[in-house]
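Visitor: Give me a model of this one.
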Amino acid sequence: MGFNWRCGPAVAVAGVALALTACGGSYEGSDDSGGSPASGTQQEGGGTLRVNMAVAPGTLDPASGCGANDLALIGNLYARLTRYGSKSGPDGTTEFDPDTIEPDVAESMDVSEDGKTYTFKLPDGLKFPSGEPVDSEAVKYSIERGLTVNGCGGYFLIDGIPGLIERIETPDPLTVVFRLSQPDPNFPEAMAQPAAGIVDESLVSKNGGVKKNTVNEWMQSHSAGYGPFLLDAYEPNRRTVLKANPDWHGEAPASDTIEITYVNADPTLLLQARSRNADVTLGLSKQSANSLEGQDGVRLIVNESPLSEQIGLPNGKKPFDNVKFREALTYALPYQEIVDKVAFGYGTLFYGPLQPVLTEFNEELSPPREYDIERAKQLIQESGVKTPVDVEMAIQEGNTAEEQIATIAQGEWRALGVNVKIRKLPAAQYITGLQEHKYQSYVRLDGPGVIDAGYYLGYDMICDIGFNLSEVCIKDADRLHAQARKETDDAERQRLYDKITQLWVEQSPKIHVYADRHVAVVGEGVNYHYAHEIDMRSWGK
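Guide: Numbering: from 1, shown residues only. Okay, the predicted model is just below:
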């Protein structure tokens, strides 16, 4: 199976359309400092865009970035081989398309017949700000660095498949070849993640280098990338200033400068959005965002996200080792009321292992559970679990939505003889405890970093791995999942995930309360693009 990205028709591969809709231009001239040649596709940018965000990133290092707040900056500072495509969004905006992968710096890609070798061709003449080439050796170094550091980035790079990348070859400066241990149709999407950002080895080597399983402190707050933006200023937890890269090979960013301010007080964030002191506001509580409906001069842009509010019922802990008991709890929550009063309408109901935004989601197999307290009581009786029973539920301090969800569960489940004790924990203690499987149950907003069912279920469902916080173990589903990860035929892959969905629903292993809908407050006349890792290239006035 071979194909090239050229300016032509899209080619479908295992559910992901690969298309060149943003072909790179020619390269002529160079800047006075010996930087990269200017692109023939460059256009004049436009002014300064002001962005307010509720949460600051914890790192700027592609090898270490984990959550959306980290990836929000990393993805704009570092080019990758590929990127997500785009489609029309609400109210004249655009949004990322998880079904389409486009080139970022790669000019072409070829896949071997056995699906285990990916060959990327790079354009000639790209350079980091230091003057060093953005070539095949830079790509190889960057990916191997991520695997060596072995942080979140390393997990993204292997698409959640241990040992996926067997070796990387660089037969010439413009060709990089990945040899995989097994077919992985989703590999181009893994290369679209900010973790695959191409870094400047010369800068990293001067500032701590690469050490196995070790964070590079300098990279936490500096950039060593070639991307659509350059880091002009960075004050952790306060502000970031991005400048459009004049030597970016593709279309110039819509804004010359993006000034990002981190505002962690929701009332202040709301006040500044209401008074239009920011062009884009991210991270407002759903209640505050809802209060801006109809406000002159601002728009609420609402997008389906890959995240969902979940109640974890660790299946290895009593009483959640009983499938009837778990099923009973799923029927004892007023889901629509929670969406209306907690999420203020910014939620989508479903029940199954996959959020609706995922390509492999099957709506017919994932209808939301109905609120039926009498059925729940009957299931409790059938479970054989003696009631009353005490359950501790962990939540993170300061998370209003999750505290409300826990409180509603506490009230509803009392009628079943299930007494919920809510335990509020500081962020660090809460996260550490989750990772160590300390809690009997918990409430958490969670979802995949790579928008693919195989990646997501690879840590959310597989038996006996530490990332599986709900301790789900459905061995037949694991077997089907292993097959699906290698399957290159779209129809067969979907059939496998449909069967996994059915097995999962039968076991009621956790509660998806609702799929979260992402809300941004955007000024009138501002171009906005929603991407789960926050791609600011097209943001502008």
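Visitor: Which residue is most remote from the mean position of this structure?
Guide: The centre of the chain is farthest from one residue, residue 386, which by C-alpha atoms, centre = their mean lies 40.6 Å away.
Visitor: Low-confidence ranges, this structure, go.
Guide: 1-45 (pLDDT under 70).
Visitor: Provide the strand pairings for the helix or strand harbouring residue 512, with the direction of each partner.
Guide: Using DSSP states H and E, the element containing residue 512 is strand 510-523. According to DSSP bridges, strand 510-523 has the following sheet partners: strand 280-282 (antiparallel), strand 298-312 (antiparallel), strand 347-348 (antiparallel).
Visitor: Could you point out the helix or strand that follows the shortest one?
Guide: Toward the C-terminus, strand 347-348 is succeeded by helix 373-383 as the next helix or strand (DSSP H and E).
Visitor: got a list of contacts for that next one?
Guide: The contact list for helix 373-383 (C-beta atoms under 8 Å, 6 or more residues apart in numbering) reads 319, 322, 324-325, 327-329, 331-332, 387, 412, 415-418. (C-beta placed from N, C-alpha, C; glycine too.)
Visitor: Now the buried members of these.
Guide: 319, 322, 325, 327-329, 331-332, 412, 416, 418 (16 or more other C-beta atoms under 10 Å).
Visitor: List the ones among those residues that fall in helices.
Guide: 325, 327-329, 412 (DSSP state H).
Visitor: Can I get those in CSV including distance to residue 259?
Guide: Shown next, in CSV, are these (distance: C-beta to C-beta, whole Å):
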residue, distance to residue 259
325, 52
327, 50
328, 51
329, 46
412, 45
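Visitor: which of the residues you listed lies closest to residue 351?
Guide: For those, the residue nearest residue 351 by C-beta to C-beta is residue 327; the value is 10.8 Å.
Visitor: Can you give me the distance of that closest one to residue 349?
Guide: From residue 327 across to residue 349, the span is 17 Å (C-beta to C-beta, to the nearest Å).
Visitor: Secondary structure element holding residue 478?
Guide: helix 475-486.
Visitor: tell me which of the contacts of helix 373-383 is nearest to residue 220?
Guide: residue 329 (40.8 Å).
Visitor: which residue ranges form the strands in the stretch 1-150 of the chain?
Guide: Secondary structure of the stretch 1-150 of the chain (DSSP state E, counting those that start in this stretch): strands located at 11-13, 16-18, 27-28, 38-39, 48-53, 82-88, 94-103, 108-111, 117-121.
Visitor: Reformat these as JSON lines; add distance to residue 268 and mean neighbour count.
Guide: Output for the strands of the stretch 1-150 of the chain, formatted as JSON lines (distance: least, C-beta to C-beta, whole Å; neighbours: other C-beta atoms under 10 Å):
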{"stretch": "strand 11-13", "distance to residue 268": "46", "mean neighbour count": "16"}
{"stretch": "strand 16-18", "distance to residue 268": "41", "mean neighbour count": "20"}
{"stretch": "strand 27-28", "distance to residue 268": "45", "mean neighbour count": "14"}
{"stretch": "strand 38-39", "distance to residue 268": "40", "mean neighbour count": "21"}
{"stretch": "strand 48-53", "distance to residue 268": "9", "mean neighbour count": "21"}
{"stretch": "strand 82-88", "distance to residue 268": "32", "mean neighbour count": "20"}
{"stretch": "strand 94-103", "distance to residue 268": "28", "mean neighbour count": "22"}
{"stretch": "strand 108-111", "distance to residue 268": "46", "mean neighbour count": "20"}
{"stretch": "strand 117-121", "distance to residue 268": "45", "mean neighbour count": "19"}
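Visitor: Which one, of those, ends up nearest to residue 129?
Guide: strand 38-39 (13.3 Å).
Visitor: mind giving me the domain split of the protein?
Guide: 11-22+45-262+524-530, 306-516 (automatic domain parsing).
Visitor: what does stretch 119-137 contact?
Guide: The contact list for stretch 119-137 (C-beta under 8 Å, 6+ apart) reads 24, 27, 33-37, 79, 81, 105-112, 138-139, 170-178, 198, 200-203, 224-226, 230, 245, 247, 249.
Visitor: For the helix holding residue 478, name the packing helices and strands.
Guide: helix 453-460, helix 490-507 (3 or more C-beta pairs under 8 Å, 6 or more residues apart in numbering; DSSP states H and E).
Visitor: Please identify the deepest-packed of those.
Guide: Using mean count of other C-beta atoms under 10 Å, the stretch among these with the largest mean neighbour count is helix 453-460, at a mean of 24.
Visitor: rewinding a little: give me whichever of the domains of the chain is most buried.
Guide: Note that of these, domain 11-22+45-262+524-530 is the most buried (mean count of other C-beta under 10 Å), with a mean of 20.
Visitor: any idea how far residue 230 is from residue 71?
Guide: In terms of C-beta to C-beta, residue 230 sits 18 Å off from residue 71.
Visitor: Kindly report the same for residue 443.
Guide: Counting by C-beta to C-beta, the gap from residue 443 to residue 71 is 23 Å.
Visitor: and if you look at residue 456?
Guide: From residue 456 over to residue 71 (counting by C-beta to C-beta), the distance is 16 Å.
Visitor: Which single one of the buried ones among the contacts of helix 373-383 is nearest to residue 280?
Guide: Looking across the buried ones among the contacts of helix 373-383 and measuring by C-beta to C-beta, the closest to residue 280 is residue 412, at 37.5 Å.
Visitor: Setting aside sequence neighbours, what's the nearest residue to the closest one?
Guide: Nearest residue to residue 412 in three dimensions, chain neighbours excluded: residue 332, at 5.0 Å (C-beta to C-beta, 6 or more residues apart in numbering).
Visitor: got a list of what that neighbour touches?
Guide: 371-373, 376, 412-413, 415-416.
Visitor: now residue 532: how far from residue 196?
Guide: 15 Å.
Visitor: before we move on, back to that, just put the helices and strands packed on helix 475-486 in CSV and tack on distance to residue 282.
Guide: Converted to CSV, the helices and strands packed on helix 475-486 look like this (distance: least, C-beta to C-beta, whole Å):
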stretch, distance to residue 282
helix 453-460, 23
helix 490-507, 31
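Visitor: Of all those helices, which one comes closest to residue 539?
Guide: helix 453-460 (27.0 Å).
Visitor: For residue 404, pull up the helix or strand it's in.
Guide: Going by DSSP H and E, residue 404 is part of helix 400-413.
Visitor: That helix vs strand 510-523, what angle?
Guide: Helix 400-413 and strand 510-523 are oriented at 150 degrees to each other (axes from the mean of the first three to the mean of the last three C-alpha atoms, to 10 degrees).
Visitor: Give me the angle between helix 400-413 and helix 323-330.
Guide: Using the same axes, to 10 degrees: helix 400-413 against helix 323-330 is 120 degrees.
Visitor: circling back: dump the strands paired with strand 510-523 to CSV, plus distance to residue 212.
Guide: Output for the strands paired with strand 510-523, formatted as CSV (distance: least, C-beta to C-beta, whole Å):
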stretch, distance to residue 212
strand 280-282, 35
strand 298-312, 31
strand 347-348, 42
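Visitor: Any idea which of these gets closest to residue 474?
Guide: For those, the distance to residue 474 is smallest for strand 298-312, at 15.8 Å, taking C-beta to C-beta.
Visitor: Quick check: residue 78 touching residue 195?
Guide: No. Look at residue 78 against residue 195 with C-beta atoms under 8 Å: they stay out of range, at 9.2 Å.
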